[in-house]
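Asks: one predicted model, sequence on top.
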Amino acid sequence: MRTSDSVARVTQRRESAIPSPVEGAHLAGLQRRTLLVLSLAQVLAGFGLAAGITVGALLAAELWGSTAAAGLPAVLFTLGAAGASIVIARVSSARGRRVGLTVGYVAGALGGLGIVIAATESLPVLLIVAFVIYGAGSAANLQARFAGADLAVPSHRARAMSLVLMATTLGAVLGPLSAQLMGRVAEGWGLDALVGPFVLSAFAYVAGALVLGFYLRPDPLLVARTNDAPAAASGGGPGAQPAGTDAHDTAWRRPVAGGIVVMVGAQLVMIAVMTMTPVQMRLHDHAVGTIGLVIALHVAAMYVPSPLSGYLVDRLGPWWVAGASAAVLGLAGLVSALADPTATATMTVGLVLLGLGWSLGMISGSAIVTAAAPLRVRARVQGRSDALISVAGAGGAGASGVIMAMAGFSALALGCAAAALALGALAVAYGRERKAGTMAAS
């Protein structure tokens with residue numbers, strides 16, 4: 001009898017955890033609430049995302065005594081982000097976005113704490129492991145954009161994702177600007193000044209995890225699946241998948257691959273140039289505070305224009321915006337290559353253009369993947385796409401240090417400009433092909 005009662009209670013709890021279909025004004029209200037909660041978490045976690053960018057390369061160069069090692073932290077935490085993207089996506093697919101993103105932020109906080117301990121105690125092995133774990137916070141921060149699109153109508157998906165990305169701006173900009181202040185705080189605690197931003201990162205990721213864990217209810221992905229079930233069964237309705245996007249069909253894989261290529265290219269170029277810019281400035285006697293300001297403006301350019309990027313994608317189509325992204329990234333590489341390394345203004349222009357090009361590429365590529373992937377496998381496909389983005393970023397970061405040590409910063413930036421322009425040509429060609437196919441089908 002007790003066993004029957006226990007089974008009944010467990011079944012009742014499971015049934016109550018499954019969200020009911022949400023429609024009309026209630027769905028619109030839930031979408032607004034979801035965007036608000038995600039935005040608040042992104043503001044907090046933005047500190048964790050950007051605080052370590054300014055000093056990560058400097059910390060590695062100081063610890064290993066080599067400029068070539070400056071790209072190692074970016075390699076490690078982007079590889080960590082790649083693995084974490086898969087884990088977060090699998091957890092999200094099984095348990096919802098709330099659990100998946102919260103797990104990522106908690107892991108990022110543990111990584112930040114590990115970096116502080118490793119640097120303080122001079123433990124290189126622990127530092128390597130900690131940087132890998134630290135990447136989980138970055139993975140969660142980036143995947144949050146997909147949660148913003150789960151309940152959005154198709155014509156506003158890009159704008160929904162862009163609003164979540166833009167919310168990262170406050171923390172992401174103040175993080176690098178606080179590098180000098182947190183360095184003083186760390187010194188007051190008897191620590192190396194360069195670990196100060198990672199202390200901030202740990203607290204920031206914990207705060208973001210608490211917001212999502214308590215307030216991202218009901219879960220947007222689970223609600224979207226519940227809404228989609230009757231529509232998919234009847235073959236219509238607002239939640240139904242477009243023709244050719246069934247989970248067992250392979251037609252959706254090609255546009256998904258194209259969207260991933262767009263995001264991978266934008267991430268690779270951005271990471272390579274951004275990672276080495278602080279090192280280039282440090283070699284020409286810029287203060288840490290000045291470097292932090294330049295990185296802050298770069299990060300602002302990544303996130304502040306996001307609503308514009310989303311609007312352009314929804315209005316013009318993602319493939320044309322992907323081509324524009326490549327053009328802006330190519331210009332950024334050219335400006336960075338020709339910039340006077342002793343002049344803060346010219347270095348800043350290059351990084352601002354770099355951030356804007358990344359925004360256009362990330363939003364357009366994300367929109368392509370989200371629109372093409374079937375809802376039943378969407379979270380896993382999105383996670384794999386972010387994993388590939390992180391792997392590309394890791395490769396770009398690792399190669400950037402070696403290229404700069406061998407050929408200099410200008411050669412690195414020019415190579416990135418050429419890669420971006422080649423990517424743009426592919427995006428425009430594919431966009432024309434997709435448009436021609438759509439017109440022929442109609």
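Replies: Happy to help now that I have it.

Asks: the spatially most central residue of the chain: which element?
Replies: Nearest residue to the geometric centre of the chain (Cα atoms, centre = their mean): residue 142, 2.7 Å. Using DSSP states H and E, residue 142 maps to helix 124-149.

Asks: got the buried residues for that helix?
Replies: 127-149 (16 or more other Cβ atoms under 10 Å). Using the backbone N, CA and C atoms, a C-beta is placed for each residue, glycine as well.

Asks: likewise for stretch 146-163?
Replies: Neighbour-count burial for stretch 146-163 flags 146-152, 156-163 (criterion: 16+ other Cβ under 10 Å).

Asks: and for stretch 277-292?
Replies: 277-282, 286, 288, 290-292.

Asks: of those residues, the lowest pLDDT goes to which?
Replies: Across the buried residues of stretch 277-292, the bottom pLDDT score, 74, is held by residue 288.

Asks: show me which helix runs longest in the chain.
Replies: Counting by DSSP state H, the longest helix found in the chain is helix 24-64.

Asks: right, and the helix or strand after that helix?
Replies: helix 72-95.

Asks: now that next one: average pLDDT?
Replies: For helix 72-95, mean pLDDT rounds to 89.

Asks: below-threshold pLDDT in the stretch 51-200 of the chain: ranges please.
Replies: Within the stretch 51-200 of the chain, the stretches with pLDDT under 70 are 51-54, 65-71, 172-173, 175-180.

Asks: residues contacting residue 142?
Replies: Taking Cβ atoms under 8 Å, 6 or more residues apart in numbering, we find residue 142 in contact with 81, 85, 386, 389.

Asks: is it true that the first one touches residue 141?
Replies: Read it as residue 81. No - with contact defined as Cβ atoms under 8 Å, residue 81 does not reach residue 141; the gap is 9.2 Å.

Asks: the closest residue to residue 75 other than its chain neighbours - how many residues pack around it?
Replies: Nearest residue to residue 75, sequence neighbours excluded (Cβ to Cβ, 6 or more residues apart in numbering): residue 398, at 4.2 Å. By other Cβ atoms under 10 Å, 21 other residues sit near residue 398.

Asks: wait, doesn't residue 398 sit right on residue 72?
Replies: Yes - with contacts counted by Cβ under 8 Å, residue 398 reaches residue 72, the gap being 7.4 Å.

Asks: from residue 331, how far out is residue 349?
Replies: Distance, residue 349 to residue 331, by Cβ to Cβ, to the nearest Å: 10 Å.

Asks: with residue 316 instead?
Replies: 19 Å.

Asks: for residue 43, same thing?
Replies: Distance, residue 43 to residue 331, using Cβ to Cβ: 30 Å.

Asks: do residue 129 as well
Replies: Taking Cβ to Cβ, one finds residue 129 at 38 Å from residue 331.

Asks: ok, residue 79 - contacts?
Replies: 132, 135, 390-391, 394.

Asks: same list (the residues you listed) but as a markdown table, adding distance to residue 405.
Replies: Shown next, in a markdown table, are the contacts of residue 79 (distance: Cβ to Cβ, whole Å):
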| residue | distance to residue 405 |
| --- | --- |
| 132 | 23 |
| 135 | 24 |
| 390 | 23 |
| 391 | 22 |
| 394 | 18 |
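
Asks: quick check: the farthest pair among these?
Replies: Farthest pair in the contacts of residue 79 (Cβ to Cβ) is 132 and 391. Separation: 13.0 Å.

Asks: host element of residue 393?
Replies: Assigned by DSSP H and E, residue 393 falls in helix 375-407.

Asks: what comes up buried for that helix?
Replies: Per 16+ other Cβ under 10 Å, helix 375-407 contains these buried residues: 375-401, 403-405.
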